[in-house]
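Participant: no letters, just coordinates:
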Ligand SMILES: Cc1cc2nc3c(=O)[nH]c(=O)nc-3n(C[C@H](O)[C@H](O)[C@H](O)COP(=O)(O)O)c2cc1C
């Protein structure tokens, strides 16, 4: 009887050790407290969309496609053609291309990522339309970008200058980066 009690005690201790040592699923940003994450993106040719999907996967956030009312065709995106839609829109910084959904319900989210391609060394003006159409006050806004090589700095500077009341987190250029780079960036932003 004594031996049986000892065996049961030993098994209980071993089971406890196995449970406490087994790896726990890493908390995502969205799991923690009231950090509800929405990953918004505008992508004309799919690259930024893939970047957004990676962020959503790592953060546990929801995805939202910032869709223009009228999609950009290949001809619209010809940056060498001074008459192309993108050229004309981007050379008038007050122009605001219309969105498919004029407003996005973001009430339940406290962290909003906004991703976009680099166009003429900055963000496409549809990002201005999106920011101006939605109430982003009190939320943490995190920009990210994909590009052919240009940096995100100029875009971030313009966003800070144009929308100073928004709580901007540090942005990330997502060209050729690893999941660890994404995680380091989130950590740097306290996310
Ligand atoms: C109209 C237009 C202008 C662009 N201007 C730049 C630029 O100034 N610098 C740069 O590095 N890449 C530039 N690019 C390349 C895009 O930023 C890059 O291909 C981006 O990853 C595309 O993202 P998307 O597939 O999500 O639209 C430009 C692309 C287009 C279509």
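Facilitator: Everything's here; your move. Here the structure is a predicted model, which means the values were calculated and not measured.
Participant: residue closest to the middle of this structure?
Facilitator: Averaging the C-alpha coordinates of the chain gives a centre point, and the residue nearest to it by Cα atoms, centre = their mean is residue 113 (3.3 Å).
Participant: work out for me the element it sits within.
Facilitator: For residue 113, the host element (DSSP states H and E) is strand 111-117.
Participant: other SSEs contacting the following helix or strand past that strand?
Facilitator: Downstream of strand 111-117, the next assigned helix or strand under DSSP H and E is helix 125-133. Packing contacts for helix 125-133, counted by 3 or more Cβ pairs under 8 Å, 6 or more residues apart in numbering; DSSP states H and E, involve strand 111-117. No exception for glycine: its C-beta is placed from N, CA and C like everyone else's.
Participant: just want the angle from the strand it packs on to helix 125-133.
Facilitator: 160 degrees (axes from the mean of the first three to the mean of the last three Cα atoms, to 10 degrees).
Participant: strand 111-117 pairs with which strands, and in what direction?
Facilitator: The strands beside strand 111-117 in its sheet (DSSP bridges) come out as strand 37-41 (parallel), strand 140-146 (parallel).
Participant: tell me the spacing between the residue nearest to the centre of the chain and residue 93.
Facilitator: 23 Å (Cβ to Cβ, to the nearest Å).
Participant: coming back round to it: the strand holding residue 113 and the ligand in contact?
Facilitator: Yes - counting by Cβ under 6 Å from any ligand atom, the ligand has neighbours in strand 111-117: residue 117.
Participant: which residues touch that strand?
Facilitator: 29, 35-45, 47-48, 51-52, 55, 59, 61, 66, 106, 123-124, 126-127, 130-131, 136, 139-147, 155, 174, 191 (Cβ atoms under 8 Å, 6 or more residues apart in numbering).
Participant: can you flag the buried ones in those residues?
Facilitator: For those, a burial check counting by 16 or more other Cβ atoms under 10 Å picks out 29, 35-44, 47-48, 51-52, 55, 59, 61, 66, 106, 123-124, 126-127, 130-131, 136, 139-147, 155, 174, 191.
Participant: for this structure, what lies in contact range of the ligand?
Facilitator: 43-49, 77, 79, 86, 117-121, 146-150.
Participant: if we use 5 Å, what do you get?
Facilitator: 43-48, 77, 79, 86, 117-121, 146-150 (Cβ under 5 Å from any ligand atom).
Participant: this structure: strands as residue ranges?
Facilitator: Along the chain, counting by DSSP state E, strands occupy 37-41, 62-65, 111-117, 140-146, 167-168, 172-173.
Participant: any chance of those strands in CSV, plus mean pLDDT?
Facilitator: As requested, the strands of the chain are exported to CSV (pLDDT from 0 to 100):
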stretch, mean pLDDT
strand 37-41, 97
strand 62-65, 96
strand 111-117, 98
strand 140-146, 98
strand 167-168, 98
strand 172-173, 98
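Participant: out of these, the one nearest residue 71 is which?
Facilitator: strand 62-65 (11.1 Å; Cβ to Cβ).
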